[in-house]
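Chemist: I'd like to go over a predicted model; first the sequence, then the structure.
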Amino acid sequence: MIAGLMRNRGWQLATPDRVRRIWREEGLKVPDQQKPRCRLWLNDGSCLRLWPEHGNHIWSYNFVLIGDGYGRKIRMLTMIDEFSRTCLGIYCARHIGADEVIAQLANAMIAHGIPEYIRSDNGPEFVASRLRAWLADRRQDDLYHTWQPMGEWLL
């Protein structure tokens, strides 16, 4: 970022490596570089990443937390179609349990059709027995996230 700002100001020889070297020489704290993401290899037999192929193929849903002006948290249940990146619905409340998740998924299915797969993480609202039974009654295949909060979604 600093190297880009320097290049915009006319320093043509500014590169991120040079900026880091100068920062170290001056005794400044150098931010760590981001590690490259690990690939999910297809030949290790562990699991496969399911990619969306058409609309209503894979839906994703998760929670987003925001704070209000009083310091309290508001939870938003967001649902998207992964193929078209269309927002299927946003539900806001202070507390959202498995029953509210089921109700909002049902509303989205009525409005947008039924998907082949539904993807979520392993939050307690998403792995609740009521939700899993409800999805099984509708013959929905649910894809759960393994363990990384921002990693790859796995089948």
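Modeler: Yep, that arrived.
Chemist: which stretches of the protein have low pLDDT?
Modeler: Judged by pLDDT under 70, the chain has its weakly predicted residues at 38-49, 140-155.
Chemist: domain parsing for it?
Modeler: 1-34, 58-144 (automatic domain parsing).
Chemist: single out the most deeply packed of those.
Modeler: domain 58-144 (a mean of 15; mean count of other Cβ atoms under 10 Å). Heads up, the C-betas are built off the backbone N, CA and C, glycines and all.
Chemist: residue ranges of the strands in the chain, please?
Modeler: 58-67, 73-81, 86-93, 117-120, 141-144 (DSSP state E).
Chemist: picking that back up, got the domains of the chain as CSV, with distance to Trp51 columns?
Modeler: Below are these laid out as CSV (distance: least, Cβ to Cβ, whole Å):
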stretch, distance to Trp51
domain 1-34, 24
domain 58-144, 8
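Chemist: if we compare these, which one ends up closest to Leu50?
Modeler: domain 58-144 (6.4 Å; Cβ to Cβ).
Chemist: picking up where we left off before, to Arg7, which of the strands of the chain lies closest?
Modeler: Using Cβ to Cβ, the nearest of those to Arg7 is strand 58-67, at 35.0 Å.
Chemist: tell me the bridge partners for Ser60.
Modeler: Ile80, Arg119 (DSSP bridges).
Chemist: use 9 as the first number for this chain going forward.
Modeler: Sure thing, new numbering starts at 9, so read that last one as Ser68.
Chemist: that one touches Met87, doesn't it?
Modeler: Yes. Ser68 is within contact range of Met87, at 7.2 Å (criterion: Cβ atoms under 8 Å).
Chemist: separation between the spatially closest residue to Thr94 that is not a sequence neighbour and Ala116?
Modeler: Nearest non-adjacent residue to Thr94, counting by Cβ to Cβ, 6 or more residues apart in numbering: Ile88, 6.5 Å away. Between Ile88 and Ala116 the computed distance is 10 Å (Cβ to Cβ, to the nearest Å).
Chemist: need the overlap of contacts for those two.
Modeler: Trp67, Leu96 (Cβ atoms under 8 Å, 6 or more residues apart in numbering).
Chemist: ok, Ala101 - contacts?
Modeler: Ile82, Arg83, Glu108.
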